[in-house]
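Colleague: here's a sequence, model it:
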Amino acid sequence: MGNRPTIRDVAKLAGLSIASVSRALTRPDSVKEDTRTRVNEAAQSIGFQFNRQAIDFRRGRSDALIVLVSDIANPFFPVFFKGIEKEARERGFTMLIGDTSAGPQSEATYVGMLAAGKADGLISNIGRLPEGLPQPAATDDSYRGPPIVACNHDAGAKIPMVRIDNYTAGKDAAEHLLQLGHKRFAQIHGSQEFADFRARLAGFSDTVANAGYAVPSSALVPGDLRVQSGRDAVMALLSQDVRPSAIFAHNDEMALGAMHQLSLSGFRVPSDVSVIGFDDLSYASATTPAITTMRLPREVWGATACKKLIDQILGVDNGPHDQMLAAELVVRESTAAFL
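Modeller: Got it, this is the predicted structure:
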């Protein structure tokens with residue numbers, strides 16, 4: 001045996017074919033546990049080191065996935081990442097996280113990694129197609145760039161998508177408040193540049209309008225998804241002649257800020273004003289009062305997007321081009337009947 005053990009040496013010592021050893025090393029989930037054990041023990045005993053990167057280079061894959069998000073510090077994303085990582089790991093892929101809060105140049109950097117073969121595909125949760133990827137023409141029926149799955153793009157985007165049914169979520173939030181007898185509504189909404197927030201706003205406003213009420217433009221207050229913008233929005237709403245009896249905040253952070261400012265301003269939640277949030281982050285059930293919110297299936301969302309992307313990379317038919325997931329109303333203490 002030479003100075004550098006080879007896969008042939010491992011196969012001979014383990015009493016297996018070279019093909020079986022190769023499968024155990026490159027796709028361990030595809031062989032029996034006994035086979036994996038024999039290969040690992042044989043490799044360790046002769047000091048064989050498996051160069052996975054070289055194998056991946058020869059077959060033209062990195063087995064890495066890029067996940068782009070708008071702000072890695074947002075507490076929304078860890079559970080979303082968990083769903084992606086678990087699905088990726090089970091299928092032999094790794095996950096690279098990209099934060100695009102620095103702007104389009106950071107998006108282009110990660111897209112460049114994709115083009116250089118340092119990753120095989122990309123999951124985008126930034127609200128639009130990342131800078132540097134080919135933008136499909138309006139008349140085109142297909143996306144011809146590298147493998148990608150979008151998580152909160154416009155419904156008309158011609159790329160594979162796994163997204164939340166935000167319109168129905170907004171509708172469900174409005175129906176909950178209408179059933180409690182509310183008639184004066186406000187929304188603290190996310191940027192209307194993004195499809196998910198536009199859909200939430202429309203679903204809520206349309207449902208209120210269909211019930212014979214309205215959300216006046218003065219009661220549609222923009223926020224940046226942070227706690228302080230919830231406080232600022234409430235200050236703006238309280239300065240108006242008509243105070244809302246119910247507020248729909250487009251995420252839990254703004255709902256938390258809204259509740260805090262209402263308390264500082266002498267209003268009780270939910271006795272004076274009901275507040276409903278969105279996402280169901282971990283603290284939503286631990287506040288006082290606990291936040292009524294729309295729960296997103298964040299882990300399932302991530303896992304589903306990852307499965308769709310890997311299937312796309314492997315050339316597998318992976319179901320509907322545009323897959324929708326539902327949000328769930330979780331009723332807690334921050335909403336109550338309007339008396």
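
Colleague: so where do the strands sit in the stretch 51-200 of the chain?
Modeller: With DSSP state E, counting those that start in this stretch as the criterion, the stretch 51-200 of the chain has strands at 64-69, 94-99, 121-125, 148-150, 161-164, 185-189.

Colleague: for the last one, packing partners?
Modeller: What that stands for is strand 185-189. Helices and strands touching strand 185-189, by 3 or more Cβ pairs under 8 Å, 6 or more residues apart in numbering; DSSP states H and E, are helix 195-210, strand 220-222, helix 227-238, strand 246-249, helix 252-264. Every C-beta, even on glycine, is put in place using the N, C-alpha and C of the backbone.

Colleague: may I have that strand as CSV, with CA atoms only?
Modeller: In CSV, the C-alpha atoms belonging to strand 185-189 read as follows (Å, rounded to 0.1, in the frame of the first residue of the first chain):
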residue,chain,number,x,y,z
PHE,A,185,-59.8,50.3,12.1
ALA,A,186,-56.2,51.2,11.5
GLN,A,187,-53.2,49.4,9.9
ILE,A,188,-49.6,49.8,10.7
HIS,A,189,-48.2,48.3,7.5
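
Colleague: ok, residues contacting it?
Modeller: With contact meaning Cβ atoms under 8 Å, 6 or more residues apart in numbering, strand 185-189 is reached by 174, 177, 197, 200-201, 204-205, 208, 213-215, 219-223, 229-230, 233-234, 237, 244-250, 254-255, 258.

Colleague: for it, give the mean pLDDT please.
Modeller: On average, the pLDDT along strand 185-189 is 98.

Colleague: given that strand, what are its sheet partners and their directions?
Modeller: Strand 185-189 pairs in its sheet with strand 220-222 (parallel), strand 246-249 (parallel), by DSSP bridges.

Colleague: turn these into CSV, columns for mean neighbour count and distance to G98.
Modeller: Formatted as CSV, these follow (neighbours: other Cβ atoms under 10 Å; distance: least, Cβ to Cβ, whole Å):
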stretch, mean neighbour count, distance to G98
strand 220-222, 19, 26
strand 246-249, 30, 28
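
Colleague: for G98, give its distance to D154.
Modeller: 21 Å (Cβ to Cβ, to the nearest Å).

Colleague: what of F338?
Modeller: To D154, F338 is 35 Å away according to Cβ to Cβ.

Colleague: returning to that earlier point: which one's more surrounded, G98 and D154?
Modeller: Legend: neighbour count by other Cβ atoms under 10 Å for G98 and D154, higher for G98 (21 against 16).

Colleague: the more buried one contacts I66, doesn't it?
Modeller: Yes: distance between G98 and I66: 5.6 Å, which falls inside the contact criterion (Cβ atoms under 8 Å).

Colleague: buried sites along stretch 109-129?
Modeller: 110-111, 113-114, 119-129 (16 or more other Cβ atoms under 10 Å).

Colleague: save the strands of the stretch 51-200 of the chain as TSV, and put in distance to L16 too.
Modeller: Formatted as TSV, the strands of the stretch 51-200 of the chain follow (distance: least, Cβ to Cβ, whole Å):
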stretch	distance to L16
strand 64-69	28
strand 94-99	27
strand 121-125	32
strand 148-150	37
strand 161-164	40
strand 185-189	61
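
Colleague: burial count for K308?
Modeller: Residues lying near K308 (other Cβ under 10 Å) number 25.

Colleague: report the secondary structure state of it.
Modeller: Three-state assignment for K308 (DSSP: H, G, I helix; E, B strand; the rest coil): helix.

Colleague: mind listing what it touches?
Modeller: Per Cβ under 8 Å, 6+ apart, neighbours of K308: V149, P160, V162, N318, G319, Q323.
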